[in-house]
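J.: here you go, sequence then predicted model.
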Amino acid sequence: MKRALIYAAATCVALTGTHAWADNDDDDNGFGLAGLLSAKNKEDLPPVILSAGMPLSDAPWTLESGTYYEFEIQGDGSQELALIGSEFFRAIWVDEIVVEGLEIRPLGLDSIEFDEAGEMEIGFIAIKPGSYYLKVPGSTGDTQRLEITIQ
């Protein structure tokens, strides 16, 4: 066994010119992030606007399961407004929520509320196919509801 380890180490040194166990200070191996979190798998969505009497979005969202998305929620402070959509939040994996440079990595969400003007950005991976929504609670108008389909 000992001879096999010595032989393997000597072979690595002979083939690479360095010790296989030596630390490499250059951590960039050129591969980048893999899979779901890679830059090639990321899409930006249009912002959701929270403003009294204004539509949340211009059009419904159609998302692809397994794709990483980012979107901003912009509240103008015209009224205390919230967004609910627990079914949607359970159909995605929330990577992070960024508020004024602070990154929050929650285990889950149920709703979001703006008491004053501000912005937040949410990064997530769409997981479970289906039809979902985000809406202003208590509202009945179509403009206060964002239809979301995950394919």
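T.: Done, it's in. Numbers count the residues shown, from 1 in each chain.

J.: which residues touch residue 120?
T.: Residues counted as contacts of residue 120 (CB atoms under 8 Å, 6 or more residues apart in numbering) are 72, 73, 97, 98, 99, 112. Every C-beta, even on glycine, is put in place using the N, C-alpha and C of the backbone.

J.: let's see that with 10 Å instead.
T.: By CB atoms under 10 Å, 6 or more residues apart in numbering, residue 120 lies in contact with 48, 71-75, 97-100, 102, 104, 112, 114.

J.: try residue 144
T.: Residues in contact with residue 144, defined by CB under 10 Å, 6+ apart, are 50, 53, 54, 55, 56, 81, 83, 134, 135, 136, 137, 138.

J.: save those residues as a markdown table, and put in secondary structure, neighbour count and pLDDT too.
T.: Converted to a markdown table, the contacts of residue 144 look like this (DSSP: H, G, I helix; E, B strand; the rest coil; neighbours: other CB atoms under 10 Å; pLDDT from 0 to 100):
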| residue | secondary structure | neighbour count | pLDDT |
| --- | --- | --- | --- |
| 50 | strand | 26 | 94 |
| 53 | coil | 9 | 85 |
| 54 | coil | 12 | 90 |
| 55 | coil | 15 | 92 |
| 56 | coil | 24 | 93 |
| 81 | strand | 23 | 93 |
| 83 | strand | 23 | 95 |
| 134 | strand | 22 | 96 |
| 135 | strand | 19 | 95 |
| 136 | coil | 19 | 94 |
| 137 | coil | 12 | 93 |
| 138 | coil | 8 | 89 |
